[in-house]
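> The following comprises the amino acid sequence and a computationally predicted model.
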Amino acid sequence: MNMNENYKQFAERHAPKSPIVKDCLMAFWVGGLICVIGQAFSDFYKSRGASEETVKMLVPVTLIFLAALFTGLGVFDRIAKHAGAGTLVPITGFANSVVAPAIDNKAEGWVLGLGAKIFIIAGPVILYGTLASVIYGLIYYIVGLF
Amino acid sequence: MLVSIKGDVRIFSYAAVGGAQEAKGPLGRAFDFIDESERFRQKTWEQSEGEMQRIALSKAMDKAGLSDGDVGHLFAGDLMNQCTSSSYGLMSFDIPHVGLYGACSTAAESIALASIMSDSTDSFSAAVTSSHFCSAERQFRYPLEYGGQRTPTSQRTVTGSAAFLLGRGRGKIAVKELMFGRSVDSKISDICNMGAAMAPAAVDTMTRFFEESGTQPQNYDKIVTGDLGKEGFLITKMMMAQKGYNLDSVYDDCGLLIYNAAVQDMHAGGSGCGCSAVVAATSLFPAMERGEIRELLFIGTGALMSPTSAQQGLPIASIAHLVHVSAV
């Protein structure tokens, strides 16, 4: 049986919209808070005498570790539910998107479960991120010739 | 076509099993068994779901004092690929097993088929369905710990299972008529708006039922759809009104009854095969036994898409099966 084509538009119009203003505000302050935490770690590492280069490596490592830890503890998704892009956009979102499927697919084994599915969400980001950087590199090279 | 059950087939025993959120909901106390961990002592979520079915059927059979040999056939289904929760979960029962997939319509579908079987063979039949939030999330959506946001139209898969026993001459809830649904192309491809996707199927089946039975919504004490949630509930009411059927005072939806949506943050409400099954077993059928509901239309609603069909961009096919039950 076929519904008439207008039903799709009707349902879309009828559906309540996500609270965009609230979502943006939540994302803004949680995302900002994560940056502040990152900055605090940065200052801390600097105060302990780490070089600029080392600090640039240590801060992401720390944030990734914390995001992975909170994912494992089952806390991350509860924060992310309210924070939205606030937790998704910083490196914390990437860490969560790798750790969550790793936990989830452990039941299907280390190789075909965890191993094969660990990048099920992050995979496209890695693939197209790499591809975009190659294209950018080519453009950069070609522009540099002139 | 309208199917009449002539031989006084009744639902005489039932039991419901649920998880933590279901226990916190308004029907929490009416469950026969709750495991707040939702693990049911199993290693994987898929096995947990199967175990819920085992517990539900055991409880229903215990209540009726039946053993395996007394039940002729078992009609069971769930949301997992190849319906493994039913086949593995109910393996310990020595009862011929008919596996069903009707997505969230399976509770009504299994009760309907079990009543036909009991009517034609004069034996006891069982109908068992389940869904589990964790196994369904894994199969249909994202890993459990993934930090994402849900849209206001999204629904939560109910962690729950219910089993029903049917046969002649016992109990107070008689199955009178059945109307099986047609697969409906809803034109909706947003898997986070399944209420809107299933509403046309509910409207199609209800309309055919009223036309063929020559009845009106007001002839029933309650008309309950399976898991349309807030969105599908409103659309169904609106579409039925356009067709001249006023559902206002009699209509409800199991997806709205199972949770306290505002407090429990369940967006548009509950969904899943377990949703309508546990609401029937914890609320609707007990109300019929107490005489509060005499004539009930129980309409299981299902969204028949798979992750593959959804990713390939196909709109959601939906279905609704109707069971008319009367208090005796």
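Thanks, I have it.

> Strands along the stretch 1-150 of chain B, start to end?
B:2-4, B:9-18, B:33-34, B:71-77, B:97-100, B:124-131 (DSSP state E, counting those that start in this stretch).

> Among those, show me which one is buried the most.
With neighbours defined as mean count of other CB atoms under 10 Å in any protein chain shown, these peak in mean count at strand B:124-131, which reaches a mean of 32. Bear in mind the C-beta positions are built from the backbone N, C-alpha and C, glycine included.

> So which elements touch it?
Packing partners of strand B:124-131 (3 or more CB pairs under 8 Å, 6 or more residues apart in numbering or on different chains; DSSP states H and E): helix B:45-64, strand B:71-77, helix B:84-89, helix B:106-121, strand B:160-168, helix B:273-279.

> returning to that earlier point: what would the strands of the stretch 1-150 of chain B look like in a markdown table with distance to B:Q47?
Converted to a markdown table, the strands of the stretch 1-150 of chain B look like this (distance: least, CB to CB, whole Å):
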| stretch | distance to B:Q47 |
| --- | --- |
| strand B:2-4 | 35 |
| strand B:9-18 | 14 |
| strand B:33-34 | 16 |
| strand B:71-77 | 15 |
| strand B:97-100 | 17 |
| strand B:124-131 | 12 |
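
> Kindly reformat those as JSON lines and extend each row with distance to A:G38 and mean pLDDT.
Listed next are those as JSON lines, based on distance: least, CB to CB, whole Å; pLDDT from 0 to 100:
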{"stretch": "strand B:2-4", "distance to A:G38": "65", "mean pLDDT": "97"}
{"stretch": "strand B:9-18", "distance to A:G38": "42", "mean pLDDT": "98"}
{"stretch": "strand B:33-34", "distance to A:G38": "42", "mean pLDDT": "98"}
{"stretch": "strand B:71-77", "distance to A:G38": "49", "mean pLDDT": "97"}
{"stretch": "strand B:97-100", "distance to A:G38": "52", "mean pLDDT": "97"}
{"stretch": "strand B:124-131", "distance to A:G38": "41", "mean pLDDT": "98"}
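
> near chain B, which residues of chain A?
By CB under 8 Å from any CB of the partner chain, the residues of chain A that approach chain B are A:1-3, A:5, A:7-8, A:11-12, A:14-18, A:23, A:71-72, A:74, A:76-77, A:79-81, A:83-84, A:87-88, A:93, A:96-97, A:99-101, A:103-105, A:107, A:120-121.

> quick one: what helix or strand has the residue of chain A found nearest chain B in it?
Residue nearest to chain B within chain A (CB to the nearest CB): A:A80, separated by 2.6 Å. Using DSSP states H and E, A:A80 sits within helix A:76-83.

> Flag every buried residue along that helix.
For helix A:76-83, the buried set under the neighbour-count rule, 16 or more other CB atoms under 10 Å in any protein chain shown, comprises A:76-77, A:79-80, A:82-83.

> low-scoring stretches of the chain, by residue?
Since you didn't name a chain, this refers to chain A. Within chain A, the stretches with pLDDT under 70 are A:1-5.

> where do the helices sit along it?
In chain A, the helices defined using DSSP state H lie at A:6-14, A:20-47, A:52-72, A:76-83, A:85-88, A:91-104, A:116-117, A:123-144.

> In TSV, list those along with distance to B:E177.
Below are the helices of chain A laid out as TSV (distance: least, CB to CB, whole Å):
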stretch	distance to B:E177
helix A:6-14	28
helix A:20-47	47
helix A:52-72	50
helix A:76-83	43
helix A:85-88	50
helix A:91-104	43
helix A:116-117	46
helix A:123-144	50
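
> Show me which residues of the stretch 151-300 of chain B are close to chain A?
So far as CB under 8 Å from any CB goes, the stretch 151-300 of chain B lies against chain A at B:151-153, B:182-188, B:190, B:193, B:196-197, B:200, B:204, B:231, B:234-235.

> Provide the count of other residues in contact range of A:R13.
Residues near A:R13, counting by other CB atoms under 10 Å in any protein chain shown, number 7.

> next one: A:W110
10.

> Next: B:N246.
13.

> re earlier: wait, isn't the residue of chain A closest to chain B in contact with B:Y142?
No: A:A80 is beyond contact range of B:Y142, at 11.0 Å (criterion: CB atoms under 8 Å).

> any shared contact partners between the two?
Shared contacts of A:A80 and B:Y142 (CB atoms under 8 Å, 6 or more residues apart in numbering or on different chains): B:G148.

> ok, now which ones touch A:K46?
Shown in contact with A:K46 (CB under 8 Å, 6+ apart): A:V55.

> one more time with 10 Å
A:K46 makes contact with A:52, A:54-55, A:58, according to CB atoms under 10 Å, 6 or more residues apart in numbering or on different chains.

> and which of those is nearest to B:C83?
A:L58 (49.9 Å; CB to CB).

> you'd agree that closest one is up against A:F44?
Yes: with contact defined as CB atoms under 10 Å, A:L58 reaches A:F44; the gap is 9.3 Å.

> Mind checking which of the two has more residues around it?
More crowded of A:L58 and A:F44, by other CB under 10 Å: A:L58, with 17 against 14.

> give the contact list for that one.
By CB under 10 Å, 6+ apart, the contact list for A:L58 reads A:41-42, A:44-46, A:48, A:50.

> How about B:M194: what's its closest non-neighbour residue?
Excluding the flanking residues, the one nearest B:M194 by CB to CB, 6 or more residues apart in numbering or on different chains is B:A303, at 4.6 Å.

> meant to ask about B:G28, not that
In space, B:G28 is closest to B:E22, 6.5 Å off (CB to CB, 6+ apart).

> Show the pLDDT at that neighbour.
pLDDT, B:E22: 96.

> residues in contact with the lowest-mean-pLDDT helix or strand in chain B?
The element with the least model confidence among the helices and strands of chain B, by mean pLDDT, DSSP states H and E, is helix B:261-264, at a mean of 85. With CB under 10 Å, 6+ apart as the test, helix B:261-264 has contacts from B:21-22, B:24-26, B:155-156, B:229-230, B:255, B:258, B:267-270.

> Quick check, the residue in chain B closest to chain A?
B:G147 (2.6 Å).

> I figured that residue hits A:A100, correct?
Yes: between B:G147 and A:A100 there is a contact at 7.5 Å, judged by CB under 10 Å.

> Name all residues that make contact with the residue positioned nearest the centre of chain A.
Residue closest to the mean C-alpha point of chain A, counted by CA atoms, centre = their mean, is A:G93 at 2.5 Å. By CB under 10 Å, 6+ apart, the contact set of A:G93 is A:31, A:34, A:67, A:76, A:80, A:83-87, A:121-122, A:125, B:146-148.
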